[in-house]
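Colleague: Got a predicted structure here, sequence first:
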Amino acid sequence: MPLMEHLNPIDRIRRNIRLASLLILSLALLAVTGCGPNVIKGRPPFVSISSMSLDGSTLTTRFDIANQNGVAMNIDTAEISVMVRDTELIRYDSNEPLEVGANSTETVTTTGQPEDFTRTLLASLDNGQLDSLSIDVSGRVHTPEDGFLRFEQNGYLYRVPGRPGQFRSAVTQSKGLVRDEPR
């Protein structure tokens, strides 16, 4: 005779409840372990212009480097270029180590003497002859963990209302966020 026939109806119900509870607990445990943390690694930073100012003949640009990874990014070299109409507006090159914490942002600054073309463009933007400048922010960073990671964003540079000689940017599209082979 099968085992179930020896049990009275109450014991059968209790046994079925225990089996159902065990099955539900097993499924819940499986679901929880399947939803464990998935740490993002190896994604290039999102680089944007947080501010730009032209004071006389000095152009100062602050770049935000946002780490989109779940682990710290240890950058040992960075190359950032801002292009307007196929002409370089400003460039940042550094071999200084920079640690950007997981899911956080660090700012780097470059100061220099811009070319006449850059001063003319920014003056046209500053005095209202141009409403905005279409820009491309591109470059790459190198980390010991991931090698070269390149990035490219397109957007616009605007004047800051009420602050002569100061500009900010808005990114409209990101592309090319991939690992790069060494040059």
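Modeller: Cool, got the structure.
Colleague: C-alpha only now, for contacts and for neighbours.
Modeller: Will do.
Colleague: How about the residue most central in space within the chain: what's its closest non-neighbour residue?
Modeller: Among the residues of the chain, the one closest to the centroid is residue 46, at 3.1 Å (Cα atoms, centre = their mean). In this structure, residue 46 finds its nearest non-sequential neighbour in residue 66, 5.0 Å apart by Cα to Cα, 6 or more residues apart in numbering.
Colleague: How many residues are close by the one you found?
Modeller: 20 (other Cα atoms under 10 Å).
Colleague: Residue 105 is in contact with that one, correct?
Modeller: Yes: if you go by Cα atoms under 8 Å, residue 66 and residue 105 touch, sitting 4.2 Å apart.
Colleague: Just confirm the residue nearest to the centre of the chain contacts residue 151, I think it does.
Modeller: Yes: using Cα under 8 Å, residue 46 makes contact with residue 151 at a distance of 7.1 Å.
Colleague: can you tell me which residues contact the residue nearest to residue 46?
Modeller: Residues near residue 66 by Cα atoms under 8 Å, 6 or more residues apart in numbering: 45, 46, 47, 100, 103, 104, 105, 106.
Colleague: among those residues, which ones are buried?
Modeller: Neighbour-count burial (16 or more other Cα atoms under 10 Å) applied to those gives 45, 46, 47, 100, 105.
Colleague: so the fourth one makes contact with residue 106?
Modeller: Yes: Residue 100 is in contact with residue 106 according to Cα under 8 Å; the separation is 6.0 Å.
Colleague: Residues that sit against both of those two, list them.
Modeller: 65, 66.
Colleague: Tell me who's in contact with residue 38.
Modeller: If a contact means Cα under 8 Å, 6+ apart, then residue 38 has no contacts.
Colleague: how about it, secondary structure?
Modeller: Using DSSP: H, G, I helix; E, B strand; the rest coil, the structure places residue 38 in coil.
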